[in-house]
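[1] Structure of the sequence below:
(one chain, ligands or ions: 1)
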Amino acid sequence: MRVLLQFPEGLKRHAFSYAAKLEAEGHEVVLSASACYGGCDLALDEAKAIGASEIVHFGHAKFPIPQPVDIPVEYVEWRFDVPQASLDSCLQALSGYTKIALVTTVQHVHELERMKSFFEKSGIDALTRKGALCAYEGQVLGCDGTAASIPEAEAVLFVGDGMFHPLAIDEDRPVYVLNPYNGKVSRINEEIGRLRKRRDGALAACIEAKKFAVLVSIKPGQSHLKVAQYAKRLLEDLGREAHILVGNELSPLSLQNFMHFEAYVNTACPRLADDWEMFGKPIINLDQLERMAKMLKDSA
Ligand code: SF4
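    Prediction:
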């Protein structure tokens, strides 16, 4: 069987050992050289182009793809245990709370039950719920931090490294990050506040813009043409010029020569908009466009 292997950047160094293992089992193995950002980002076109019978997608959990996927996809999640010493190190920061929302990435979801009983023994009720786009209870994605929205929780604890996932938690309650690799605990409400301000800055710049491009991705889990058509109509109703741009990799490089446009409305990965300064033009997501439409109508 011909198999296409897909790895996110951080795991590409493991690609060769998996390829060798599958080849030893008699499979023909091809490695995807494209960047891979999430379970939303299945290399369907590459699989079709090489006639693969299956995609093996590493490092992410299954993501709800809003279109038929006509090739079998095997998700191989990546696991990393949370050292007990790291858990011990966050108790001081959490002292005074009796109920917390506990969230993590797919790498550590297998540790949630152990973490919950540890906190319970320490007098803290660690609550979990499932986000709409996530495969597991207690899991967060960069585009879905809703697992942290548990009304009775007094604070949120995210267990994982990096800032990409915890910044999906748009909460006013105290939000703590425990890095399981080094046991460091930090409170990130200032960073959440800064991100909100940057998003508001992009929205304010878009209010002044007259020529918009609406960005559509062909990545299977990020592809929302109907949403883009709705955004285009909304912009035109506001008297703005709007065109739809479609692409796989929507990057500063791929868009840099569309000098005509003054701003972008993004319908792909919502976190693309957080990097709007890199694009040199403001980028807003649909919810911000709807806010902008309301503000303009209210002020008319
Ligand atoms: S849409 Fe963006 S944040 Fe969501 S899974 Fe895909 S890459 Fe990650």
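[2] bridging residues for the nearest residue to residue 72 once chain neighbours are set aside?
    In space, and not counting its chain neighbours, residue 72 is closest to residue 54: 4.7 Å by Cβ to Cβ, 6 or more residues apart in numbering. Every C-beta, even on glycine, is put in place using the N, C-alpha and C of the backbone. On the basis of DSSP bridges, residue 54 is bridged to residue 3.
[3] ok, now how distant is residue 54 from the ligand?
    Distance, residue 54 to the ligand, by Cβ to the nearest ligand atom, to the nearest Å: 21 Å.
[4] which ones are touching that residue?
    1, 3, 4, 47, 71, 72, 73, 74 (Cβ atoms under 8 Å, 6 or more residues apart in numbering).
[5] residue boundaries of the helices in the stretch 1-150 of the chain?
    Per DSSP state H, counting those that start in this stretch, the stretch 1-150 of the chain carries helices over the ranges 15-24, 44-50, 84-89, 91-94, 112-121.
[6] With mean neighbour count and distance to residue 136 added, can I get those in TSV?
    Shown next, in TSV, are the helices of the stretch 1-150 of the chain (neighbours: other Cβ atoms under 10 Å; distance: least, Cβ to Cβ, whole Å):
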stretch	mean neighbour count	distance to residue 136
helix 15-24	13	23
helix 44-50	16	24
helix 84-89	15	19
helix 91-94	15	22
helix 112-121	16	8
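[7] what secondary structure does residue 151 sit in?
    Using DSSP: H, G, I helix; E, B strand; the rest coil, the structure places residue 151 in coil.
[8] Any residues of the stretch 1-150 of the chain in contact with the ligand? List them.
    Residues of the stretch 1-150 of the chain found near the ligand (Cβ under 6 Å from any ligand atom) are 37, 38, 39, 40, 63, 141, 142, 143.
[9] which among these end up buried?
    Burial by neighbour count, judged by 16 or more other Cβ atoms under 10 Å, picks out 37, 38, 39, 40, 63, 141, 142, 143 from those.
[10] Lowest-confidence member of these, which is it?
    Sorting these by pLDDT puts residue 37 at the bottom of the list (93).
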